[in-house]
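Asker: Here is a sequence together with a model predicted from it:
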Amino acid sequence: MSIRPTAFEFFAGGGLAGLGLSAAGIDTVFANDMDGAKARAFTANHPHTPFRQGDIWTLTIDDLPGRPDMAWASSPCQDVSLAGARGGLEAGRSGAFWGFWRLMQGLAARGRGPRVIVLENVIGLLTSGQGLDFAAVCTAMVEAGYTVGALEMDAAHWLPQSRPRLFVVAIQGEAPRAAGPTQPFHSARLVAAHARLPEAVKAAWAWWSLPAPPQRNLDLAAMLEPDDAVCWLDDADAILALALAAPLHRARIASALASGQRCVGAAYRRVRTENGHKVQRLEIRFDGLAGCLRTPAGGSSRQYVVVCDRGLARVRRLTGREAARLMGVSDDYRLPSSESAALKLMGDAVAVPVVRALAEGLLLPALLDRRAAA
């Protein structure tokens, strides 16, 4: 039996949340996901962690071993994502939260409830269902006897990827907290969402405190494969891709080419409405960050890498291994053999250093406080 705090990891995907928790001193002792490809990735990289593949609604309390110190849930976000249909938590996939919450209630009824519960999701949860979804999650946690709070954490503070995510954290007992909202973890949109909460939830709310993130010292170029180790688009396809750029983004490309220096950019094709018509545009950034990783079948296309050097622009697609690095995963992590499957695995995941920072700064102190009190 582990002497370190333990966690159950639901909607575990390839186990990236568990990597972050483990680095902070918290061991995953049970995991679940219904996706077959993700299940294979999890078991390949975490062979000693008990794993149950299947819909969370099919799990019973008897499937869960012992009493965890913490439960982590990265529930499906498609229906509350800014890129999705935003059907809300009542929609099929995001409604899986209630399958998870059913298990939390069952554990509590048997005296096995976790001290800490974390729900990770997209920022869209704050406004999904006119804010009612966020209120429903927080209300459920408060009614179960938890103090609840939320943090908005962008992977860009630790990794060269723009990836803001919401972490709703419920804790029984003491944990580091601030007197009010603090930057960068309590954004204006989170403060606005808090203002819309029911008074009973506000009374049990905490502005959880985390140490300020360190200065990031990596940029996108540092995460990429050597130029001669990847496949580039041929000249005709590269020209077609770059021709999709809107004027602002064409100017960025022209400026990078005119600089005479090697400039590495990240780009997505997006559908925009211009003069009443939907058009496809290539949108590019040269600020050292990748755009938020998404699944290949999601609301955006696969991310491009654009390299401007010595007056020439070359274009290629981001690889699965590069996507893994942008999620804070080491190169010894075993990715699916399919590029599409690897990109989907990473696009659905949570960044490892973000989880570690949350665990070290907030979750682990709360769990150790409970053990000291016991």
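Answerer: In hand now; what should we look at? Numbering: from 1, shown residues only.

Asker: From now on I want contacts and neighbour counts done on CA atoms only, so please keep to that.
Answerer: Fine.

Asker: Run the chain-centre distance for the lengthiest strand in the chain.
Answerer: Scanning the chain for the longest strand, with DSSP state E as the assignment, gives strand 263-274. Once both centres are worked out by CA atoms, centre = their mean, to the nearest Å, strand 263-274 turns out to sit 21 Å from its chain's centre.

Asker: how far is the helix or strand that it is followed by from where the chain is centred?
Answerer: Going down the chain from strand 263-274, the next helix or strand is strand 277-285, by DSSP states H and E. Centre-to-centre, strand 277-285 and its host chain are 25 Å apart (CA atoms, centre = their mean).

Asker: And stretch 281-300, by the same measure?
Answerer: 15 Å.

Asker: now do stretch 125-145
Answerer: With CA atoms, centre = their mean as the basis, stretch 125-145 stands 19 Å off its chain's centre.

Asker: do the same with stretch 205-220
Answerer: Stretch 205-220 sits 15 Å away from the centroid of its parent chain (CA atoms, centre = their mean).

Asker: And for it, what's in contact with it?
Answerer: Contact partners of stretch 205-220, identified using CA atoms under 8 Å, 6 or more residues apart in numbering, comprise 147-151, 156-161, 175-182, 184-186, 264-265, 288-290, 358, 361-362.

Asker: so what's Ala254 scoring on pLDDT?
Answerer: Ala254 carries a pLDDT value of 97.

Asker: Secondary structure element holding it?
Answerer: helix 247-258.

Asker: Need the CA coordinates for that helix. PDB is fine.
Answerer: Output of helix 247-258 as PDB, limited to C-alpha atoms (Å, rounded to 0.1, in the frame of the first residue of the first chain):
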ATOM      1  CA  PRO A 247      -4.400  40.400 -44.500                       C
ATOM      2  CA  LEU A 248      -3.200  40.700 -40.900                       C
ATOM      3  CA  HIS A 249      -1.700  37.200 -41.000                       C
ATOM      4  CA  ARG A 250      -0.200  37.700 -44.400                       C
ATOM      5  CA  ALA A 251       1.500  40.800 -42.900                       C
ATOM      6  CA  ARG A 252       2.900  38.600 -40.100                       C
ATOM      7  CA  ILE A 253       4.300  36.100 -42.600                       C
ATOM      8  CA  ALA A 254       5.800  39.000 -44.700                       C
ATOM      9  CA  SER A 255       7.400  40.500 -41.700                       C
ATOM     10  CA  ALA A 256       8.900  37.200 -40.700                       C
ATOM     11  CA  LEU A 257      10.300  36.700 -44.200                       C
ATOM     12  CA  ALA A 258      11.700  40.200 -44.300                       C
END
